[in-house]
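Student: Generate a structure from the sequence data that follows.
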Amino acid sequence: MVFDYLDGGAEDEVTLRSNRRAFDATTFRPRHAVGLPEGRLQTTVLGSELAFPALLAPVGYSRLMHPDGECGAARAAGAAGTAYILSTVSGHALEDVKAASAGPVWYQLYLVGGRGAAEAALERARVAGFSALVVTVDTAVAGMRERDLRNGMTELLGPSLLAKIPFFPQLFAHPRWLASFLLDGGVPWLPNVVIPGEGPMQLTDVPTALARAAVRWEDMRWLREIWRGPIVIKGVLTGDDARRAVDAGAAAIVVSNHGGRQLDGAPASLSVLPEVVAAVQGRAEVLMDGGIRRGSDIIKAICLGARAVLTGRAYAYGLAAAGEAGVARALEILRADMERTLKLLGCASVSGLDRSFVALPA
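Tutor: Predicted structure coming up:
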């Protein structure tokens, strides 16, 4: 159930597959017989110097995958010289996550728990030193993730032992995971969603709370008043929404279909990236996520106008397999992929990449 929560998408998983197919269909146009120094991967995102143009995307429920959870991922990101984005749906307190990383850490916001809980979390994030706020706008309701229904994710997170009984075979088939899960305290509460007068929200309440907490464009004025740092709007798939995001004060936009986990049948992020870049006209930085599995995917996204990418599953697989060490190894693989791809393209640095290095499908 935990693997399919990480690996799966919504409904028929059309968008999940489309994200990968868009990268497969985009081919390179290399320059050969050029002498190049070591490929330079450094870039700047929202004023922060990064060692390579891949940030760790917010992944909810990370502590279910491995007890290291968000703290382990943030520590690995900082050691690799890049940024980590913490999900609201985190099993570790935001202060602990920020303290774990030597690099920039951003906070991703869902309005679960209401405005009071959000304002308290953002004040904690400000004091802790988070450098940017990421507002996700594509979760008016939770997507229909059928693998989770089939495998018993709701039952795992719920309080009823009786409801868990049909799923015991798959739990007992993974004794190392089960032991670490139980030793870590079982299903965590949400330490960063503290509802006034009630305390931390239960993890099981999130899907219901999302339906009552949809973000609207009018909320951006309120968010700008309580968060003085840069705001990133995540979940944009059209030029029209990109312009609205910039008009609402976004310093950066993430072109994203939530990894194919929300609206099935939405376009691949890579396929709409050029439209969003054209609509923004340089007024905000453009990032993208969805389908990133190799360093060459990151290079393709930058060729099409992204300043950097957010990677989720690629590092979360490593987290689930080996905790912090798994995340570090995943980032090493992505970085080595990027260096090799740059050399084979005949380009000296990521700053020299442009659309002339790729060919798009008809």
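
Student: can we go C-alpha only for contacts and neighbour counts from here?
Tutor: OK.

Student: how close does the nearest residue to residue 151 once chain neighbours are set aside get to residue 326?
Tutor: Closest residue to residue 151 in three dimensions, ignoring its sequence neighbours and counting by Cα to Cα, 6 or more residues apart in numbering: residue 1, at 5.1 Å. Between residue 1 and residue 326 the distance is 20 Å, computed by Cα to Cα, to the nearest Å.

Student: got a list of what the nearest residue to residue 82 once chain neighbours are set aside touches?
Tutor: Counting by Cα to Cα, 6+ apart, residue 82 lies nearest to residue 50, which is 5.0 Å off, once chain neighbours are set aside. Applying Cα atoms under 8 Å, 6 or more residues apart in numbering, we find residue 50 in contact with 42-44, 81-83.

Student: pretty sure residue 275 is in a helix, no?
Tutor: Yes - secondary structure of residue 275, determined by DSSP: H, G, I helix; E, B strand; the rest coil: located in a helix.

Student: Just to check, it is in contact with residue 241?
Tutor: No - using Cα atoms under 8 Å, residue 275 and residue 241 do not qualify as a contacting pair, with a distance of 10.8 Å.

Student: returning to that earlier point: can you tell me which of the contacts of residue 50 has the most neighbours?
Tutor: Each of the contacts of residue 50 was scored for neighbours by other Cα atoms under 10 Å, and residue 83 scores highest at 31 neighbours.

Student: sorry, back to before: from the contacts of residue 50, pick the one nearest residue 361.
Tutor: residue 43 (27.9 Å; Cα to Cα).

Student: secondary structure element for the closest residue to residue 318 other than its chain neighbours?
Tutor: The shortest distance from residue 318 to any residue other than its chain neighbours is 4.0 Å, reached at residue 326 (Cα to Cα, 6+ apart). In this assignment (DSSP states H and E), residue 326 forms part of helix 313-345.

Student: Which positions in that helix come out as buried?
Tutor: Burial within helix 313-345, assessed by neighbour count using 16 or more other Cα atoms under 10 Å, is assigned to 313-320, 322-331, 334-335, 337-339, 341-345.

Student: Quick check: end-to-end length of stretch 52-71?
Tutor: With Cα to Cα as the measure, what separates the two termini of stretch 52-71 is 21 Å.

Student: Repeat that for stretch 169-186.
Tutor: When the termini of stretch 169-186 are compared using Cα to Cα, they are 17 Å apart.

Student: My guess is residue 187 contacts residue 155. True?
Tutor: No - using Cα under 8 Å, residue 187 is not in contact with residue 155; the gap is 11.1 Å.

Student: any chance you could map the strands in the stretch 201-350 of the chain?
Tutor: When assigned using DSSP state E, counting those that start in this stretch, the strands of the stretch 201-350 of the chain occupy the ranges 231-236, 252-255, 285-288, 308-311.

Student: so where's the stretch 251-362 of the chain uncertain?
Tutor: With pLDDT under 70 as the threshold, the stretch 251-362 of the chain has no low-confidence stretch at all.

Student: ok, then the element right after the helix holding residue 326?
Tutor: The element immediately downstream of helix 313-345 (helix or strand, assigned by DSSP H and E) is strand 358-359.

Student: Show me the contact partners of that next one.
Tutor: Taking contacts as Cα under 8 Å, 6+ apart, the residues outside strand 358-359 that touch it are 26-29, 300, 303.

Student: Where neighbours are concerned, which of those has the most?
Tutor: By neighbour count, taken as other Cα under 10 Å, the most surrounded of these turns out to be residue 300 (24 neighbours).

Student: tell me the contacts of that residue?
Tutor: Here residue 300 is in contact with 23, 26, 28, 358 (criterion: Cα under 8 Å, 6+ apart).

Student: hmm, try it at 10 Å
Tutor: Listed by Cα atoms under 10 Å, 6 or more residues apart in numbering, the contact partners of residue 300 are 23, 26-28, 270, 292, 306, 341, 353-355, 357-359.

Student: and stretch 25-39, average pLDDT?
Tutor: When pLDDT is averaged along stretch 25-39, the result is 86.

Student: Tell me where the model's unsure across the stretch 1-150 of the chain.
Tutor: Low-confidence regions of the stretch 1-150 of the chain, defined here as pLDDT under 70, cover residues 37.

Student: That one: helices as residue ranges?
Tutor: Across the stretch 1-150 of the chain, reading from the start of the chain, the helices by DSSP state H, counting those that start in this stretch fall at 2-7, 14-25, 62-65, 69-80, 94-100, 114-128, 146-151.

Student: thought the residue nearest to residue 151 was touching residue 153?
Tutor: Yes - in this structure, residue 1 is within contact of residue 153 by Cα atoms under 10 Å, at 5.9 Å.

Student: shared neighbours, the two?
Tutor: Listed contacts common to residue 1 and residue 153 are 147, 167; contacts here mean Cα under 10 Å, 6+ apart.

Student: So for the closest residue to residue 201 other than its chain neighbours, what's the pLDDT?
Tutor: The shortest distance from residue 201 to any residue other than its chain neighbours is 5.3 Å, reached at residue 190 (Cα to Cα, 6+ apart). Looking at residue 190, its pLDDT is 91.

Student: Quick check: end-to-end length of stretch 76-84?
Tutor: End-to-end distance of stretch 76-84 (Cα to Cα): 9 Å.

Student: what distance separates that stretch from the centre of its chain?
Tutor: Between the centre of stretch 76-84 and the centre of its chain there are 14 Å (Cα atoms, centre = their mean, to the nearest Å).

Student: so the helix or strand containing residue 192 versus helix 114-128, what angle?
Tutor: Secondary structure from DSSP H and E places residue 192 in strand 189-195. Counting by axes from the mean of the first three to the mean of the last three Cα atoms, to 10 degrees, strand 189-195 points 110 degrees away from the direction of helix 114-128.
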